[in-house]
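Colleague: next one to model:
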Amino acid sequence: MEIALFCKATESGQRCFKTLTTVAEKSHSFDSARKLILKFQEVSPWTTFGHVASNGAILEALDGETKLHIIDISNTLCTQWPTLLEALATRNDETPRLKLTVVVTANIVRSVMKEIGQRMEKFARLMGVPFEFNVISGLNNLAELTKEGLGVQEDEAIAINCIGALRKVEVEQRSGVIRMFQSLSPRVVTVVEEEADFTSSRYDFVRCFEECLRYYTLYFEMLEESFAPTSNERLMLERECSRNIVRVLACDNVQENAGGGGECERREKGSQWCERLREGFSPVGFSDDVVDDVKALLKRYRTGWSLVLPQADHDSSSSGIYLTWKEEPVVWASAWKP
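Modeller: The predicted structure follows:
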């Protein structure tokens, strides 16, 4: 936080962010990225919560279909998909054909996608699931994504999976991205985002700083209680947070292509995303089976985590479910249909 304040005061945020990102990219490899994500998923449900909820909604929406096309826009290196492949392999009816199209905009992820694709193809063969893996990596940001570029076929049942992706779209371009999703006529769109608002306060530095402090205090406390003090994975996650804080507080809404892949970090809360998504979609409630799967997941972790379901009579503007850490909502998961 101190670095971000210094960068803000000296108007050096963009330069600092590019430097921090370049350093991170130089030390990035498939093995280090995989180890980091798997260790984080082992000690915290921060990402697995969204995976379980989204997989459940996708499997139910695509039940009975024979040609599936999942468009994956996330940042967890396909760690979500082995459990879904297992579920498809054990379906009572004919095993469907799955096309997985991964959309990548961050340079730090592009470098490892070839090996990830090879591993996914090998696992699909092991499961006996006909499988096609595609990567779209030539984009600066999601606003450049098109229906034609995704290679969508008329006979495919489409699911769009967005985990931590929409916050990286510039605020003014979010409605356009949602309209593009709508044009694909998907059976389901799953959206998972962290519960923070860096958007409504983006022109009010004090409010943005206060929200940044609130959210990242929770996040750093979670890391401290989940990882050992000397954990390399914890250090890597803390450094990633430092880059994001500089991005939010010190880069002053600059829409550049260098360094960060043209992405922003303007998070919005679940209720705000609901307002946007309702422009083209209707919410799909998670079934009892999916909710039970999420509850079972949380039992694997230390105390402090819980699941909050929407209160229909309390806030009609919000849909989805929330992961809470010490009674504070931190991650929101939802499902939508056209």
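
Colleague: show me what the biggest helix by length in the chain is packed against.
Modeller: Ordering each helix of the chain by length in residues (DSSP state H) puts helix 205-226 first. In terms of contacts (3 or more C-beta pairs under 8 Å, 6 or more residues apart in numbering; DSSP states H and E), helix 205-226 is packed against helix 232-250, strand 321-325, strand 328-337. (Each C-beta comes from the backbone N, C-alpha and C, glycine too.)

Colleague: so it versus strand 328-337, what angle?
Modeller: If you take axes from the mean of the first three to the mean of the last three C-alpha atoms, to 10 degrees, helix 205-226 sits at 100 degrees to strand 328-337.

Colleague: look up how far residue 330 lies from residue 192.
Modeller: According to C-beta to C-beta, to the nearest Å, residue 192 and residue 330 sit 11 Å apart.

Colleague: same deal with residue 176?
Modeller: From residue 176 over to residue 330 (counting by C-beta to C-beta), the distance is 28 Å.

Colleague: neighbour count winner among the two?
Modeller: More crowded of residue 176 and residue 330, by other C-beta atoms under 10 Å: residue 330, with 20 against 14.

Colleague: residues contacting the more buried one?
Modeller: Residues near residue 330 by C-beta atoms under 8 Å, 6 or more residues apart in numbering: 46, 194-195, 218-219, 222, 322-324.

Colleague: same question for residue 60.
Modeller: Residues in contact with residue 60 (C-beta under 8 Å, 6+ apart) are 287, 289-290.

Colleague: buried subset of the contacts of residue 330?
Modeller: 46, 194-195, 218-219, 222, 322-324 (16 or more other C-beta atoms under 10 Å).

Colleague: dump the residues you listed to CSV, plus distance to residue 163 and pLDDT.
Modeller: Compiled in CSV, those are given as follows (distance: C-beta to C-beta, whole Å; pLDDT from 0 to 100):
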residue, distance to residue 163, pLDDT
46, 11, 97
194, 10, 95
195, 14, 96
218, 19, 94
219, 16, 94
222, 18, 96
322, 15, 97
323, 13, 98
324, 18, 97
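
Colleague: in a markdown table: those, plus distance to residue 96.
Modeller: Shown next, in a markdown table, are the buried ones among the contacts of residue 330 (distance: C-beta to C-beta, whole Å):
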| residue | distance to residue 96 |
| --- | --- |
| 46 | 30 |
| 194 | 32 |
| 195 | 34 |
| 218 | 40 |
| 219 | 38 |
| 222 | 37 |
| 322 | 31 |
| 323 | 30 |
| 324 | 35 |
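
Colleague: okay, helices next: where are they in the stretch 151-300 of the chain?
Modeller: 174-183, 205-226, 232-250, 270-277, 288-298 (DSSP state H, counting those that start in this stretch).

Colleague: mean pLDDT lowest for which of the ones you listed?
Modeller: Among these, helix 232-250 carries the lowest mean pLDDT, at a mean of 85.

Colleague: for it, name the packing helices and strands.
Modeller: Using 3+ C-beta pairs under 8 Å, 6+ apart, the elements in contact with helix 232-250 are helix 2-10, helix 13-26, helix 30-43, helix 205-226.

Colleague: what angle separates it from helix 205-226?
Modeller: 180 degrees.

Colleague: and helix 232-250, what's buried?
Modeller: In helix 232-250, counting by 16+ other C-beta under 10 Å, buried: 233-234, 236-238, 241-250.

Colleague: and the angle for that helix with helix 30-43?
Modeller: Using the same axes, to 10 degrees: helix 232-250 against helix 30-43 is 90 degrees.

Colleague: going forward, begin numbering at 375 instead of 1
Modeller: Fine by me, first position is 375 from now on; the one you just mentioned is helix 606-624.

Colleague: work out the gap between helix 606-624 and the centre of the chain.
Modeller: Chain-centre distance of helix 606-624: 16 Å, with C-alpha atoms, centre = their mean, to the nearest Å.

Colleague: cool, stretch 524-536 as well?
Modeller: Worked out by C-alpha atoms, centre = their mean, stretch 524-536 lies 18 Å from the chain centre.

Colleague: what residues does it touch?
Modeller: Residues from elsewhere that reach stretch 524-536 (C-beta under 8 Å, 6+ apart): 428, 432, 435-436, 439, 441-448, 454, 473, 475, 508, 510, 555, 558-566.

Colleague: any of these buried? List them.
Modeller: Those of these that meet the buried threshold are 428, 432, 435-436, 439, 442-448, 454, 473, 475, 510, 555, 558, 560-566, by 16+ other C-beta under 10 Å.

Colleague: before we move on, the earlier item: let me have the helices of the stretch 525-674 of the chain in CSV, extended by distance to residue 520.
Modeller: As requested, these are exported to CSV (distance: least, C-beta to C-beta, whole Å):
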stretch, distance to residue 520
helix 548-557, 7
helix 579-600, 32
helix 606-624, 26
helix 644-651, 20
helix 662-672, 31
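
Colleague: out of the ones you listed, flag the one nearest residue 486.
Modeller: Among the helices of the stretch 525-674 of the chain, the nearest to residue 486 by C-beta to C-beta is helix 606-624 (14.4 Å).
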